[in-house]
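Novice: Sequence first, then the predicted structure, then my questions.
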Amino acid sequence: MKSFLLPIVLIISGCAVKPQNYDLSTSSILPPIAIKQNIPSIIVSDFKYEPNVRISQNTISILGCLTCQSDGGTAGHVFDEPINKIVQTEVKAALKEVMIPSSKSSCVLNATIHLAAWDVMDGDSTVDLTYVLSSSEQIKFIKRVRGYYDASLFELHKTNRILAKASRNSVEKLVTDDEFLKIVNINCSKIQ
């Protein structure tokens with residue numbers, strides 16, 4: 001009898017949950033990013049994930065349930081890939097749409113991810129990043145941007161691309177910031 005109950009207890013407790021695969025193919029998620037001008041090429045590198053201490057590097061937070069912590073301390077979906085790689089890939093794909101193609105760049109964009117979350121009540125997704133733009137190993141721009149995707153009622157969610165739209169919203173807020181545009185056009189258009 002005990003050998004029968006043990007697998008059931010493990011399944012119910014969540015210990016037997018297999019991590020999900022995230023689609024890193026970065027196929028376009030419409031609509032396109034609304035920007036008036038393209039930006040010079042930027043190298044996207046070194047994203048760090050610094051979530052709540054109760055969240056692992058491969059886990060996003062869940063929000064919106066009665067037992068959920070508002071600080072993002074409740075674990076949600078677990079993925080095969082680390083969250084920093086997932087968000088970095090989504091940001092890179094979104095930036096590629098608005099950058100002037102170049103094989104070289106004098107600017108590097110890094111970020112710290114403070115929150116990657118999904119709201120179980122309404123399907124909204126959120127990413128909270130601090131972007132750091134450097135040129136010639138000097139920091140030129142720092143800004144914290146919260147990307148948010150407001151899912152419509154009864155919208156079907158693909159968990160294998162759950163952070164794509166919130167990441168795109170974050171990039172759109174970044175590339176439409178006047179100060180960012182000015183700094184990018186001054187520092188990133190020349191190859192050093």
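Specialist: Sure, I can see it.
Novice: quick one, strands of this structure?
Specialist: Taking DSSP state E as the criterion, the chain carries its strands at 43-49, 59-63, 75-78, 107-119, 125-135, 138-149.
Novice: need the contact list for residue 87.
Specialist: 47, 49, 111, 113, 116, 127, 129, 163, 167 (C-beta atoms under 8 Å, 6 or more residues apart in numbering). Just so you know, the C-beta spots here come from the backbone N, C-alpha and C atoms, and that holds for glycine as well.
Novice: Mind putting the strands of the chain into TSV with distance to residue 33, mean neighbour count and mean pLDDT?
Specialist: Formatted as TSV, these follow (distance: least, C-beta to C-beta, whole Å; neighbours: other C-beta atoms under 10 Å; pLDDT from 0 to 100):
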stretch	distance to residue 33	mean neighbour count	mean pLDDT
strand 43-49	15	17	95
strand 59-63	23	23	95
strand 75-78	25	19	94
strand 107-119	15	22	96
strand 125-135	15	21	96
strand 138-149	12	16	96
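Novice: Where does the prediction get shaky in this protein?
Specialist: Applying pLDDT under 70 to the chain flags residues 1-17, 26, 28-30, 153-157, 190-192.
Novice: Point to the residue nearest the middle of it.
Specialist: residue 87 (3.2 Å; C-alpha atoms, centre = their mean).
Novice: ok so, going back, select, out of the strands of the chain, the one closest to residue 97.
Specialist: Between residue 97 and those, the tightest spacing by C-beta to C-beta is seen for strand 43-49, at 12.7 Å.
Novice: between that closest one and strand 59-63, how big is the angle?
Specialist: Following axes from the mean of the first three to the mean of the last three C-alpha atoms, to 10 degrees, one obtains 60 degrees for the angle between strand 43-49 and strand 59-63.
Novice: In the longest helix along the chain, which residues are buried?
Specialist: Looking across the chain with DSSP state H, the single longest helix is helix 83-98. By 16 or more other C-beta atoms under 10 Å, the buried positions in helix 83-98 come out as 83-95, 98.
Novice: could the strands of the chain go into TSV alongside distance to residue 183?
Specialist: Output for the strands of the chain, formatted as TSV (distance: least, C-beta to C-beta, whole Å):
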stretch	distance to residue 183
strand 43-49	15
strand 59-63	31
strand 75-78	35
strand 107-119	9
strand 125-135	7
strand 138-149	5
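Novice: so which of those comes closest to residue 21?
Specialist: Ranked by C-beta to C-beta, the member of the strands of the chain that lies closest to residue 21 is strand 75-78, at 10.9 Å.
Novice: Summarise which helices and strands that closest one is packed against.
Specialist: Judged by 3 or more C-beta pairs under 8 Å, 6 or more residues apart in numbering; DSSP states H and E, strand 75-78 is in contact with strand 59-63, strand 107-119.
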